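Chemist: Next comes the sequence, and after it the predicted model I'd like to discuss.
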Amino acid sequence: MSDAESPPEFDPEAPNTGEDFEPVDVFPDSDDFDLRPGADSCYKCSTCDTNCPVAEVDDEFPGPKFQGPEQWRLKQSEEDYDVDDSVMDCSNCMRCDNACPSGVPLSQMHNTARGEYVSEQMSKFSVEYWRNRILSNYRTSAWLASKMPRVANAAMNFGPARWVMEKTMGITSEREFPAFATETFREWWRAEGGAAGSRERAVASRERRGEDPDADKKVAYFHGCYSNYNTPEVGKAMVRVYEHFGYEVVVPEQKCSGTPMFANGMLDDARRHAEANISSMADLVEQGYDAIASCTSCSMALRQEYPELFDIDGVDEVSSHTFESLEYLRIHEDVRDELGAADVDGELAREFAYHAPCHARNQGLNNQAVELFRDVEGVGIEDVGDSCSGISGTYGWKSEKYDKSMEIGAEMFEHMEDADGKTGMTECPTCAMQMEHGTGYDIRHPLELLEAALVE
C-alpha cells in the first residue's frame, strides 16, 4: 500500500446549488454523477481553451470550455438541447484538466457529453459509428490478428487494402499499421512460469540484494492491449525490472483500459471493460497488491476516469492503488542511486529525444524519465518540450482528423529533429506511433532502458 498522492478527484456527492435542477440520466444505472457543481466552478477564464491543441489548429472547434461547462449549462436550461456535434472533435488529450485553475472536471464533462451524443444522436447505421467502434475496440482486432500475426501484418499494410479502408471506413491510408508480435506478452509470461516463476525469481533477487527474502513486495501488472499484442518487449522489461527489485509480479485477467472508448463516446463498451478490470484488480488490491501500468493512458483510466465515470464496487480502491511503472519505482526504490552506478552499452547506449505524453503530464509525471536517466553513463536524454504529439489514440487514425493530428504534432517533430538524439522515447504507445511517423526515428519505452541499465 502506498501513500502516494493520486490526481485530484471531483466529488460527485457535493451539494447541488440549483434548487430545481434535475441531473441528466447519462448513466441509467447510477444517479450519482451530477456535474452541475463543476460547471458552476467555471468562471470563463478560457485557460482551458488556450491549452487545447485541437483549438490551436482548428478555428471552428469551440474548445473545452464550451464542450464542458457551457454545454452542461445549456443542457440543463433547454429541455430539448442536443449535444453539439463538435464534441466528437475533442481528442481526449485531457490537457484542459491540467490547465484549469478552478479544478473543473472538464474531461469528465466531455466524456459524458460524447457518451450521450453517441447514444442518442449518432446513427448506429453510419460508417462513422462503426469506424469509431472498430477503432475503440482495438483489443478485439488485435486478438484476431495475433492468431496469424504474419498474415495480419502483411494484409494490414498492403497498399490497396489501406486504400479500401480509407475509402470505405475513413481510416487514413497515410499511416502504417503497427506490427503484431509473433508471441504475445501473455504467451511469454505463461512460458516463463507465470506468477509462480516470478515469485521464485523475485525471492532470489531479494536474497542477492541482501533484502528479507520473505518481504511483502508484490504488484499486479496491467499491461494493456498494445504491450500484449504489439510490443511485448515492454511487458518483458517491466517484469524483469520489477523482479530485479525483488517484486513478485502477477498478471491478472484484464480487458482494454477503455481509453479509446472514452475518446469515441462508447461508454457502454468502456463500462463493460472497466467492470472486468476492476473485478480482477480489486481482489488483488485487497490482498495487498498495487496495480502497475506501463502505459500512461492505462494508468490514467484506472486512477481517474473509472472513478469519475463509473459507480462500480471497488473502483476507488483500485484507483488509489494504481501507479505508472516508473512512478512506482521512484516512490518505493532508490532507482536513481542504482542507476548512478550503471553503465549502458550495446544498442541502447545512445542519445534519446524524450516526449512526455499528455496523459503523463495530467498525472504529474511529465519529467520523470529525464530526471531518472540524466546521470546514467552511456546514454543522454533530452526533453523535447511540452507540446502534444497530436495522435491522441484513435484521433489521428481517422482520415478527416489526420491533417489536424500532424499539424498538432509539428512542434514536437521539430523539437525532436533539433535534439541531439535520433532515437525517441515515450511511455505512450500511440505517441510512439506519431513520433516514428513524423520523424522516422526508432522509439523506445523507458522500461527498456531501465532493463538495459540494471538487469544482467
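Modeler: On my side now, so go ahead.

Chemist: got a list of what the closest residue in space to P53 that isn't next to it in sequence touches?
Modeler: If the residues on either side of it in the chain are set aside, P53 comes closest to C388, at 4.0 Å by Cβ to Cβ, 6 or more residues apart in numbering. All C-beta atoms are positioned from the backbone trio N, CA, C, and that covers glycine. Neighbouring residues of C388 by Cβ atoms under 8 Å, 6 or more residues apart in numbering: 53, 91, 93, 95, 358, 408-409, 412.

Chemist: 7 Å instead?
Modeler: C388 sits next to 53, 93, 95, 358, 408 when contact means Cβ atoms under 7 Å, 6 or more residues apart in numbering.

Chemist: try P260
Modeler: Taking Cβ under 7 Å, 6+ apart as the definition, contacts of P260 comprise 135-136, 138, 393-394.

Chemist: if you look at those residues, which of them are in helices?
Modeler: 135-136, 138 (DSSP state H).

Chemist: Break down the stretch 151-300 of the chain into its helices, ranges please.
Modeler: 159-169, 185-191, 194-208, 224-229, 232-244, 259-263, 267-286, 296-300 (DSSP state H, counting those that start in this stretch).

Chemist: JSON lines for these, including mean pLDDT and distance to F352?
Modeler: What follows is these, written out as JSON lines (pLDDT from 0 to 100; distance: least, Cβ to Cβ, whole Å):
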{"stretch": "helix 159-169", "mean pLDDT": "95", "distance to F352": "30"}
{"stretch": "helix 185-191", "mean pLDDT": "98", "distance to F352": "23"}
{"stretch": "helix 194-208", "mean pLDDT": "97", "distance to F352": "27"}
{"stretch": "helix 224-229", "mean pLDDT": "98", "distance to F352": "19"}
{"stretch": "helix 232-244", "mean pLDDT": "98", "distance to F352": "15"}
{"stretch": "helix 259-263", "mean pLDDT": "97", "distance to F352": "25"}
{"stretch": "helix 267-286", "mean pLDDT": "97", "distance to F352": "31"}
{"stretch": "helix 296-300", "mean pLDDT": "97", "distance to F352": "17"}
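
Chemist: Of all those, which one comes closest to E60?
Modeler: helix 259-263 (19.4 Å; Cβ to Cβ).

Chemist: Run a quick neighbour tally on the residue lying closest to G258 once chain neighbours are set aside.
Modeler: Nearest residue to G258, sequence neighbours excluded (Cβ to Cβ, 6+ apart): A270, at 3.7 Å. Residues lying near A270 (other Cβ atoms under 10 Å) number 28.

Chemist: how far away is A270 from N111?
Modeler: 9 Å (Cβ to Cβ, to the nearest Å).

Chemist: This protein: strands as residue ranges?
Modeler: Remark: strands assigned in the chain by DSSP state E are 218-222, 248-250, 290-293, 322-324, 351-354, 380-383, 423-425, 442-444.

Chemist: Next, the contact list for S299, please.
Modeler: 293, 322-324, 363.

Chemist: Which of these scores worst on pLDDT?
Modeler: Checking pLDDT across the contacts of S299, the minimum falls on Q363 at 94.

Chemist: mind pulling up the phi and psi values for the closest residue in space to N153 that isn't next to it in sequence?
Modeler: Of all residues not flanking N153 in the chain, A179 sits nearest, at 5.1 Å (Cβ to Cβ, 6+ apart). Here is the backbone geometry of A179 (degrees, to the nearest 10): phi -70, psi 140.

Chemist: Does L35 touch N111 like I think?
Modeler: No: judged on Cβ atoms under 7 Å, L35 makes no contact with N111 at a distance of 10.4 Å.

Chemist: circling back: show me what contacts the residue nearest to G258?
Modeler: 258, 261-262.

Chemist: Quick one: neighbours of G103, just the number.
Modeler: 13.

Chemist: again with E128
Modeler: 16.

Chemist: any idea how far N137 is from the residue nearest the centre of the chain?
Modeler: With distances taken as Cα atoms, centre = their mean, the residue of the chain nearest its centroid is S297 (1.0 Å). Relative to N137, S297 is positioned 15 Å away (Cβ to Cβ).
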